[in-house]
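Enquirer: would you be able to build a 3D model of this:
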Amino acid sequence: MHLRFITLEDDLAELAHRINVADWDEGNEIEMYSAESLAAYLQHEDVYLLVCEVSAQNTEVMGMASGRVLHKPYGRNRWLYVDEVDVCVPHRQKGAGKAMMNALLQLAANRGCNDVWLGTETDNVAANALYRSLKPADAEQFIGYAWELSPE
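Expert: Below you'll find the model as predicted:
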């Protein structure tokens, strides 16, 4: 298993293709990626895209994760918001999700973050088992709200 953080210097068209042909299930809601969409994401400060591949030689995508380091509006506290952790169907239960989460936790520590935050659905049994295995300081039940806006 090989983990690497993607940068603007990587071949984003090739990566987008590999993500798009990977075996995701319907629950992952993976949309079509493009070099342009990846570049638009990566151009922002303090965003991270992590890809898990079979090996350094075999670049088949096992999974990917993304997140961003944010600043709280008080003091100097920083925190990592984990946006996505997705593992391809044939690579589940092989440690990819745990490896990506550990890499993100290490990234947060290296970036001086005080907290790491992520959310998942209460019925996502596999994700909840993974996150509990990483010994979080807290696991809260909460209600999430989402708004879909039409671009003008």
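
Enquirer: for the chain, what spans make up the strands?
Expert: For the chain, the strands defined by DSSP state E cover 2-5, 47-53, 61-71, 78-87, 115-117.

Enquirer: would you list these in CSV and tack on mean neighbour count?
Expert: C-beta here means a position set from N, CA and C on the backbone, and glycine is covered the same way. Putting the strands of the chain into CSV (neighbours: other C-beta atoms under 10 Å) gives the following:
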stretch, mean neighbour count
strand 2-5, 15
strand 47-53, 21
strand 61-71, 21
strand 78-87, 20
strand 115-117, 16
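
Enquirer: do you know which of those lies nearest Leu149?
Expert: The closest approach between Leu149 and any of the strands of the chain, judged by C-beta to C-beta, belongs to strand 78-87 at 17.8 Å.

Enquirer: for the spatially closest residue to Met101 that is not a sequence neighbour, what are phi and psi?
Expert: What sits nearest to Met101 in space, not counting adjacent residues and going by C-beta to C-beta, 6 or more residues apart in numbering, is Leu134, at 5.8 Å. In terms of degrees, to the nearest 10, the main-chain angles of Leu134 are phi -90, psi 10.

Enquirer: Leu134 is in contact with Gln106, isn't it?
Expert: No - using C-beta atoms under 8 Å, Leu134 is not in contact with Gln106; the gap is 11.8 Å.

Enquirer: and Gly112, how close does it get to Ile6?
Expert: Gly112 is 22 Å from Ile6, where distance means C-beta to C-beta, to the nearest Å.
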